[in-house]
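Enquirer: Give me a model of this one.
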Amino acid sequence: MPPYGVEPVPTYAGNGSDMAGYRPHLPPLARSLSAKLLVLTIFFVMLSEVLIYAPSAGRFRLTYLQERLAAGHLAILALEATPDHMVSEALESELMHHSGAYAIALRGPDGTGPTLRPHNPIPPVDAAFDLRDAGFFPLIAEAFVTLAQRENRLLRVTGPSPKNPAAIVEVVIDEWPMRVALIDYSYRIMGLSIVISLITATLVYLSLQWLMVRPMRRMTESMVAFREDPEDASRVPPPSRRADEIGVAQRELAEMQAGLRAALQQKARLAALGVAVTKINHDLRNILATARLVSDRLADSEDPEVRRTTPTLMAAIDRAVDLCSRTLDFTREGPPRLDRRRFRLAELVEEAGAVVMPARSGDEAVWRNAVAAALTVEADRDQLFRVLVNLGQNAVQAGATRVEVSARQAEGRVEIELADNGPGLPPRARERLFEPFAGSARPGGMGLGLAIARELMRAHGGDIRLVRSTGAGTVFRLELPLPSAAR
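Expert: Numbers count the residues shown, from 1 in each chain. Predicted coordinates:
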């Protein structure tokens, strides 16, 4: 499946010529990152408002009931102001009407006190609440129970009067007026939440658009432009001065593009040079073949000086022919093709030692195989053999008389170390050790062996590293992934 917002395209492996007709299309506004940010911001702000609304609704209900208790307390005080604690039926109805209650009672410390109640019987009470026992979560739950009611209920509410906490007031009221007031309060909260959400979402949207979306869009355009024409240096984005993660990403992207552009230009020049070298190589080998024939005839010369210098000349011609052959092979070789299989590493090391240092009667063994017999690896046996032989021969040609090969498992990989007792590598050779034609450490060397070895190891998913190189010897480390069954 192609990535979101990108049409299927051919595999990109060139400099952009096979992608000339490709143009990425941006997603529509409704599915863009900006729209998603806006919707998510509104959603989270509304969610926050809901979390704020729940305790607010519980508090609103508590305040409403306290106001009813305060109104009932005032009505009882009007009753106590009369000499005989009696009022007319008309005044009693007026007091009950203003307090919004069916019955009101004031309880003193002894549990007795004046009462206001109609002469007609009161309907049965549906629920009773004591505000002295009100808790945070019960208040919230009772507020939502009130909102969920579809019919009026008669409530008995008991609690201290807001005007006098020592006075305990008890009222019987209808729930429906409280539900209507709570719904009206909810609509006001919802309207305010929508306004706050829109303002907050707009500010967050503009901030994210400026801080993230626009820079990311510029980075995307830069990557698309680089893919279309990697060698066009005129389309390099200006360096960012931002110190945050976006700025770091922009600078790293610019540096990566510059490095890739330089590498592509270098590879293009090397490709052109390789074609030229191939053509020159053919003619040079013919010339060297002729020189070899002439040198063979010089070897039969009766002049002693000519016979003395002829071997040097022939050796130089042989080295030149070998250089041409190996250079031609290197330019013709493509990416390594691996035939992976599992095998015992110790057996392969033993075979490589027989090639690097053939056993001779009476000689001390100079190729020491310290690999555990049970250790297995999963790799191309021939290619790994080629790497081991290459490193071993390099050590012997540099003057080593002893090479020890060891291996161990560490952190999901197999580490193979080749340690010799040679004179070590010169500092200049270490700087460009794995570069073709540049990393040779001995006179007449071409610097291809280690470059090919690294290419083969990286094709396996591993690598080759120089651990150390001193006057006491050199140590190379080969890294291979562990076999899948051993992980």
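Enquirer: Distance-wise, check Phe144 relative to Ala71.
Expert: As for Phe144, its distance to Ala71 is 25 Å (criterion: CB to CB, to the nearest Å). C-beta: built from backbone N, CA, C; applies to glycine.
Enquirer: What of Asn394?
Expert: According to CB to CB, Asn394 and Ala71 sit 102 Å apart.
Enquirer: do Arg153 as well
Expert: 19 Å.
Enquirer: what do you get for Arg261?
Expert: 82 Å.
Enquirer: same check, this time on Glu252
Expert: Distance, Glu252 to Ala71, by CB to CB: 70 Å.
Enquirer: And these two? Which one has more around it.
Expert: The residue with more neighbours, out of Glu252 and Ala71, is Ala71; 20 against 10, by other CB atoms under 10 Å.
Enquirer: ok, that one touching Met96?
Expert: No. Ala71 lies out of contact with Met96 (CB atoms under 8 Å); the separation is 10.2 Å.
Enquirer: now the strands for the stretch 51-200 of the chain?
Expert: Secondary structure of the stretch 51-200 of the chain by DSSP state E, counting those that start in this stretch: the strands cover 103-107, 115-116, 127-130, 154-160, 168-174.
Enquirer: Next: the stretch 301-450 of the chain.
Expert: Using DSSP E, counting those that start in this stretch, strands in the stretch 301-450 of the chain cover 340-344, 367-369, 376-380, 403-410, 413-420.
Enquirer: Turn the ones you listed into CSV, columns for mean pLDDT, mean neighbour count and distance to Ala35.
Expert: Conversion of the strands of the stretch 301-450 of the chain to CSV gives the following (pLDDT from 0 to 100; neighbours: other CB atoms under 10 Å; distance: least, CB to CB, whole Å):
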stretch, mean pLDDT, mean neighbour count, distance to Ala35
strand 340-344, 92, 13, 48
strand 367-369, 91, 18, 66
strand 376-380, 92, 21, 49
strand 403-410, 92, 17, 49
strand 413-420, 94, 21, 46
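Enquirer: May I see those arranged in CSV, with distance to Asp184 as well?
Expert: Shown next, in CSV, are those (distance: least, CB to CB, whole Å):
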stretch, distance to Asp184
strand 340-344, 75
strand 367-369, 90
strand 376-380, 74
strand 403-410, 72
strand 413-420, 70
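Enquirer: Could you chop the protein up by domain?
Expert: 1-229, 245-332, 340-486 (automatic domain parsing).
Enquirer: Of the ones you listed, which shows the lowest average pLDDT?
Expert: Per-stretch mean pLDDT for the domains of the chain is lowest at domain 245-332 (a mean of 72).
Enquirer: Might you calculate how far that domain sits from the centre of the chain?
Expert: Put simply, domain 245-332 sits 44 Å off its chain's centre (CA atoms, centre = their mean, to the nearest Å).
Enquirer: quick one on the thing from earlier: please work out which of the domains of the chain is packed deepest.
Expert: Sort the domains of the chain by mean neighbour count, taking mean count of other CB atoms under 10 Å, and domain 340-486 sits at the top with a mean of 17.
Enquirer: could you measure Thr309 against Ser301, distance?
Expert: 10 Å.
Enquirer: now do Arg132
Expert: From Arg132 to Ser301 the distance is 128 Å (CB to CB).
Enquirer: Next: Ala128.
Expert: Ala128 is 131 Å from Ser301, by CB to CB.
Enquirer: Over to Met96?
Expert: On the measure of CB to CB, Met96 and Ser301 end up 143 Å apart.
Enquirer: again with Leu206
Expert: The gap separating Leu206 from Ser301 is 92 Å, by CB to CB.
Enquirer: how far away is Asp339 from Lys163?
Expert: Counting by CB to CB, the gap from Asp339 to Lys163 is 95 Å.
Enquirer: now do Val236
Expert: For Val236 relative to Lys163 (CB to CB), the value is 77 Å.
Enquirer: any chance you could map the helices in the stretch 301-450 of the chain?
Expert: Using DSSP state H, counting those that start in this stretch, the helices of the stretch 301-450 of the chain run over residues 304-332, 345-356, 381-397, 427-431, 449-459.
Enquirer: Ok, which of these comes nearest Glu170?
Expert: helix 449-459 (86.7 Å; CB to CB).
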